[in-house]
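Undergrad: structure, please.
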Amino acid sequence: MAHYASVRGTDRSKPIQNIHRNPKSFIMSEIRQATALSVPATDALRFLPEGPFALQDSQFSWVGIQHGADAKQGSLNLCDLASQTNQSFDLPGRPGFAFPCTTANRFVVGCERSLGFFDTATGKFDVFQEGIDGDVSNTIINDGTFYENNLVFGTKDLEFATKKAGLYLYRGRDSKLIRLRDDQICSNGKSIVKNADGSLDLYDIDSPTRQIVRYALDIDAGTLGDPTVVIDLTKDPAVPDGAILTPDGKHVIVSMFLPDVADFGSTRMYDIVSGDLVCEWQTPGSPQNTCPALVRHDGKIQLVITTAVENMAPDAKAKCPNAGQLFLAETDIADHGGPINEFYPA
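TA: Got it, this is the predicted structure:
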């Protein structure tokens with residue numbers, strides 16, 4: 001997320017289908033309160049936390065995109081919920097995402113305009129793809145997801161103004177970088193779902209549109225289908241940022257970034273078919289929610305929410321005392337055992 005104050009395989013002349021124009025954005029079946037953790041403990045790490053990802057029970061990773069308003073560096077972080085401790089590893093730039101690999105201590109990371117592997121044991125970052133968004137200026141990698149050994153990720157315009165940021169597929173089988181879109185502003189909130197017939201859908205957010213959309217994704221062809229609006233939040237004062245799907249694929253959980261002083265922030269769960277708001281988790285004293293993740297902790301599936309200080313003037317921060325903290329909240333999501341997430345196969 002940043003500064004909230006040509007399509008390959010898609011015919012842009014076709015209208016976007018909108019299934020749910022008016023989800024019940026403010027009719028809630030349930031409101032829950034999230035609890036602020038003691039992590040992060042520094043101003044640098046509280047500036048822009050994002051991308052939490054479950055590692056094992058009570059443990060998850062997250063990225064500090066940048067360590068201050070003028071910083072050009074960020075970090076990979078490992079958080080332990082049982083002890084509420086955090087390990088931080090500086091990266092050679094600003095990361096947009098980091099996913100654990102099947103190799104111990106190894107993460108695949110999108111950092112600035114490169115993809116690489118970071119080793120937490122050695123601190124070494126090995127780049128395997130450079131030149132992302134090479135034909136435009138002032139963009140860096142933002143949010144991403146993966147399916148098998150394929151990465152789908154987007155970039156963001158650092159001025160949060162121009163439709164020039166890319167949406168990319170890095171196809172693992174032939175190490176090919178394919179640009180799927182070239183007209184996003186701040187590419188966020190991605191999940192890939194395999195359907196019963198074997199086809200894939202990509203759920204995606206370009207934050208300024210305030211819409212969660214779905215595309216058919218063909219990895220072999222390197223193409224997207226036409227976008228379908230799943231959840232329309234265009235009338236909402238907050239901006240949808242990071243998002244995940246529930247394990248059954250029936251709901252989307254989205255963190256809302258409200259660039260204003262407020263008593264609480266909001267992370268919400270919507271029913272994908274009806275568009276109804278099922279649950280809202282409020283983050284007291286922290287209005288800028290950035291990303292959600294599901295983590296098993298204390299024998300049940302719980303929700304981790306990252307929040308940010310970014311954009312806040314000193315007087316606003318004083319009114320939002322938990323801004324930039326990580327939060328933990330209860331859910332009713334069934335725990336069927338096994339790992340919460342798959343790891344990137346590398």
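Undergrad: going forward, measure contacts between C-alpha atoms and count neighbours the same way
TA: Fine.
Undergrad: which elements pack onto the host helix or strand of residue 100?
TA: Here residue 100 sits within strand 95-100, counting by DSSP states H and E. With contacts taken as 3 or more C-alpha pairs under 8 Å, 6 or more residues apart in numbering; DSSP states H and E, strand 95-100 sits against strand 49-56, strand 59-64, strand 75-80, strand 106-111, strand 139-147.
Undergrad: partners of the longest one in the sheet?
TA: The strands beside strand 139-147 in its sheet (DSSP bridges) come out as strand 150-157 (antiparallel).
Undergrad: dump the partner strand to CSV, restricted to CA.
TA: Taking Å, rounded to 0.1, in the frame of the first residue of the first chain, the C-alpha atoms of strand 150-157 are listed here in CSV:
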residue,chain,number,x,y,z
ASN,A,150,4.1,-19.7,-10.4
LEU,A,151,4.0,-16.2,-8.9
VAL,A,152,1.3,-13.6,-9.6
PHE,A,153,2.1,-10.1,-8.3
GLY,A,154,1.5,-6.4,-9.0
THR,A,155,3.3,-3.2,-8.7
LYS,A,156,2.3,0.2,-7.3
ASP,A,157,2.7,3.8,-8.5
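Undergrad: could you dump the helices and strands packed on strand 95-100 into CSV with mean pLDDT and distance to residue 215 added?
TA: Listed next are the helices and strands packed on strand 95-100 as CSV, based on pLDDT from 0 to 100; distance: least, C-alpha to C-alpha, whole Å:
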stretch, mean pLDDT, distance to residue 215
strand 49-56, 98, 22
strand 59-64, 98, 26
strand 75-80, 98, 30
strand 106-111, 98, 22
strand 139-147, 98, 14
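Undergrad: those strands: which one's closest to residue 323?
TA: Residue 323 lies closest to strand 49-56 among these, at 10.4 Å (C-alpha to C-alpha).
Undergrad: got the angle for that closest one vs strand 59-64?
TA: 160 degrees (axes from the mean of the first three to the mean of the last three C-alpha atoms, to 10 degrees).
Undergrad: other SSEs contacting strand 49-56?
TA: strand 59-64, strand 95-100, strand 289-297, strand 300-307.
Undergrad: nearest to residue 342, of the ones you listed?
TA: When these are compared for distance to residue 342 using C-alpha to C-alpha, the nearest one is strand 95-100, at 8.7 Å.
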